[in-house]
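Novice: Okay, predicted coordinates and the sequence, questions at the end:
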2 protein chains.
Amino acid sequence: MASGTSAISTSAGTIDRSQVEQIVRQVALEYLGRGKSGTAPVLTVQASSRHMHVCREDMDILFGPGTELTVDRPLFQDGFYAAKETVTIVGPRSRLISNLRILGPMRPRSQVELAFTDAIMLGFKDIPVRLSGDIDGTPGAVIIGPKGVVELKEGVIRAAIHVHMNPAEAAHFGVAKGDTMKLRIGGAAGVTFNNVHVRIDPASKLNVHMDTDEANACGFHLTKDIELFK
Amino acid sequence: MASGTSAISTSAGTIDRSQVEQIVRQVALEYLGRGKSGTAPVLTVQASSRHMHVCREDMDILFGPGTELTVDRPLFQDGFYAAKETVTIVGPRSRLISNLRILGPMRPRSQVELAFTDAIMLGFKDIPVRLSGDIDGTPGAVIIGPKGVVELKEGVIRAAIHVHMNPAEAAHFGVAKGDTMKLRIGGAAGVTFNNVHVRIDPASKLNVHMDTDEANACGFHLTKDIELFK
């Protein structure tokens, strides 16, 4: 358990659900080493608003053959970005949400990540909580782009809260791929997320991703008392 | 810590944000006694959608002099109800939410309880997390009723997650007024709420109230693995 956290910087934005921003708030903390010498990894926590990942084939239909995503804004993890391209998603009760932002780059399979609040708004009864990419047997939706319509047979999920880290950071925390950690958010609306999935990649920077429901439940932008631990 | 929970009954509705329902889901669990004989209290967890409490003076302005609230649906706690009356709330950026349900009976001071998601939608930067009734220094809002408009100088809060219980239930858990407890929700989106405020009243039935953001973050309707403990 990493204790004795101290904030080194904070930058806060606002969630504006109508704009479908992917990253809306960020808190940077320094985690003090647990009796070790040397600098501990810096933890950032981010809220992901609803968004879509698109495959090459669906991109062709939605935006036209051979079109490419264009970068609107880089994301925290190198190489990933919010695209200028947006679509409209139609749920099972013919309700829709427009301006659903696409995140790049393209992926092998299209996928839509919603908060429960979004799913309820669209008329889904329940959407499964999954790690990104694990979409077999999940609900589908109709996606409308400027050049065409795609009926996703599956791919609508609520993304499970997770933490990206590189192998050195994983070693610092003593965790391995497939482990879960806990994220405790202090403050008036104190919450501990008990199942934070660990994702390890050499290119990753330490970064927790939660959705807007989780962000709004815990109000993490209101506190610097945040700790990530096994 | 109450362990070994077992579900004895479950009734689940759906959250429909457009309808401003106060109670949208309910899970009933039996908490096994901690080595004691006799039946342990039954815990219910409920999500409160955004709503308003109104004072006599504001009722006169919004709905007409001498008007009374009318019962639409009784709430879980005896004597409380969702009223047929609704209002429109206008936030600081002139955004509004209509069909804001009033809960009865009337109170000494008017108060609006919003989830963060609602507050953001209305353009509030941050609303304070408070126990119901503790509204000094909180933001205000314009409230529009069928017969008039009230400008609340204060009273807009996010209700702190809390548990109602009677003195016998408090004795069972070993807690007193002013204490906080923890509520652990299992399942895929496992969350522990660390600051569940204890409210004790002889007329109360054991019942946790959280808001829609908290309910959507933890998905408590998806699991029976729920425990309340000190």
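Specialist: Perfect, I can see it now.
Novice: Just the helices from chain A, written as ranges.
Specialist: For chain A, the helices defined by DSSP state H occupy A:56-63, A:116-122, A:167-173, A:212-218.
Novice: Residues of chain A that sit close to chain B?
Specialist: A:14-17, A:115-117, A:120-121, A:125-126, A:128-129, A:158, A:160-161, A:184, A:187-195, A:212-214, A:216-219, A:222 (Cβ under 8 Å from any Cβ of the partner chain). Every residue, glycine included, has its C-beta placed from N, CA and C.
Novice: hmm, 7 Å instead?
Specialist: Residues of chain A lying close to chain B by Cβ under 7 Å from any Cβ of the partner chain are A:14-17, A:115-117, A:120-121, A:126, A:129, A:160, A:188-195, A:213-214, A:216-217, A:219, A:222.
Novice: Weed out the non-buried ones from those.
Specialist: Neighbour-count burial (16 or more other Cβ atoms under 10 Å in any protein chain shown) applied to the residues of chain A next to chain B gives A:15, A:17, A:115-117, A:120-121, A:129, A:160, A:189-195, A:213-214, A:216-217, A:219, A:222.
Novice: gap between stretch A:109-117 and the chain center?
Specialist: Counting by Cα atoms, centre = their mean, to the nearest Å, stretch A:109-117 is centred 10 Å from the centre of its parent chain.
Novice: Could the C-alpha coordinates of it be exported in PDB?
Specialist: Output of stretch A:109-117 as PDB, limited to C-alpha atoms (Å, rounded to 0.1, in the frame of the first residue of the first chain):
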ATOM      1  CA  ARG A 109     -12.700  -4.100 -34.200                       C
ATOM      2  CA  SER A 110     -15.100  -1.200 -33.600                       C
ATOM      3  CA  GLN A 111     -16.100  -0.600 -30.000                       C
ATOM      4  CA  VAL A 112     -18.200   1.900 -28.100                       C
ATOM      5  CA  GLU A 113     -17.500   2.800 -24.500                       C
ATOM      6  CA  LEU A 114     -20.300   4.300 -22.500                       C
ATOM      7  CA  ALA A 115     -20.900   5.200 -18.900                       C
ATOM      8  CA  PHE A 116     -24.000   3.600 -17.400                       C
ATOM      9  CA  THR A 117     -25.700   7.000 -17.500                       C
END
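Novice: Could you list the low-confidence segments of chain A?
Specialist: A:1-39 (pLDDT under 70).
Novice: switch the cut-off to 90
Specialist: A:1-42, A:93-94, A:125-126, A:187-189, A:220-224 (pLDDT under 90).
Novice: who touches residue A:123 in this structure?
Specialist: If a contact means Cβ atoms under 7 Å, 6 or more residues apart in numbering or on different chains, then residue A:123 has A:91, A:92, A:93, A:95 as its contacts.
Novice: For residue A:119, see how far away the last one is.
Specialist: Right, residue A:95. 11 Å (Cβ to Cβ, to the nearest Å).
Novice: try the second one
Specialist: When distances are taken as Cβ to Cβ, residue A:92 and residue A:119 turn out to be 10 Å apart.
Novice: Let me know whether residue A:150 touches residue A:62 as I believe.
Specialist: Yes: counting by Cβ atoms under 7 Å, residue A:150 touches residue A:62, with 6.0 Å between them.
Novice: shared neighbours of the two, which are they?
Specialist: residue A:143.
Novice: Once you drop chain neighbours, what's closest to residue A:131?
Specialist: Residue nearest to residue A:131 in three dimensions, not counting chain neighbours: residue A:160, with 5.3 Å by Cβ to Cβ, 6 or more residues apart in numbering or on different chains.
Novice: how about that neighbour, what does it touch?
Specialist: Taking Cβ under 7 Å, 6+ apart as the test, what residue A:160 contacts is A:129, A:130, A:131, A:197, B:188.
Novice: and which of those is nearest residue B:175?
Specialist: Distance to residue B:175, by Cβ to Cβ, is smallest for residue B:188 among the contacts of residue A:160, at 29.2 Å.
Novice: mind listing what that closest one touches?
Specialist: Neighbouring residues of residue B:188 by Cβ under 7 Å, 6+ apart: A:129, A:160, A:195.
Novice: Mind doing that once more with 8 Å?
Specialist: Taking Cβ atoms under 8 Å, 6 or more residues apart in numbering or on different chains, we find residue B:188 in contact with A:128, A:129, A:160, A:195, B:219, B:222.
Novice: Can you list which of those are found in strands?
Specialist: Among these, the members falling in strands (DSSP state E) are A:129, A:195.
Novice: separation between residue A:106 and chain B?
Specialist: Between residue A:106 and chain B the distance is 27 Å, computed by Cβ to the nearest Cβ, to the nearest Å.
Novice: Measure how buried that residue is and give me the count.
Specialist: Using other Cβ atoms under 10 Å in any protein chain shown, residue A:106 has 17 other residues around it.
Novice: same thing with the one 5 residues further on?
Specialist: For residue A:111, the neighbour count with other Cβ under 10 Å is 24.
Novice: One more: residue A:203?
Specialist: Neighbours around residue A:203, by other Cβ under 10 Å: 10.
Novice: measure it to chain B for me?
Specialist: 27 Å.
Novice: Next up, the contacts around that residue.
Specialist: Contacts of residue A:203 (Cβ under 8 Å, 6+ apart): A:77, A:78, A:79, A:166.
Novice: For the residues you listed, give me CSV that also has distance to residue B:40 and neighbour count.
Specialist: Shown next, in CSV, are the contacts of residue A:203 (distance: Cβ to Cβ, whole Å; neighbours: other Cβ atoms under 10 Å in any protein chain shown):
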residue, distance to residue B:40, neighbour count
A:77, 47, 15
A:78, 53, 10
A:79, 53, 9
A:166, 47, 16
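Novice: Would you mind listing the two of those that lie farthest apart?
Specialist: A:79 and A:166 (13.9 Å).
Novice: List the contacts of the closest residue to residue A:157 other than its chain neighbours.
Specialist: Excluding its sequence neighbours, the residue lying closest to residue A:157 (Cβ to Cβ, 6+ apart) is residue A:130, at 4.3 Å. Residues counted as contacts of residue A:130 (Cβ under 8 Å, 6+ apart) are A:138, A:157, A:158, A:159, A:160.
Novice: one more time with 10 Å
Specialist: By Cβ atoms under 10 Å, 6 or more residues apart in numbering or on different chains, the contact set of residue A:130 is A:111, A:113, A:136, A:137, A:138, A:155, A:156, A:157, A:158, A:159, A:160, B:188.
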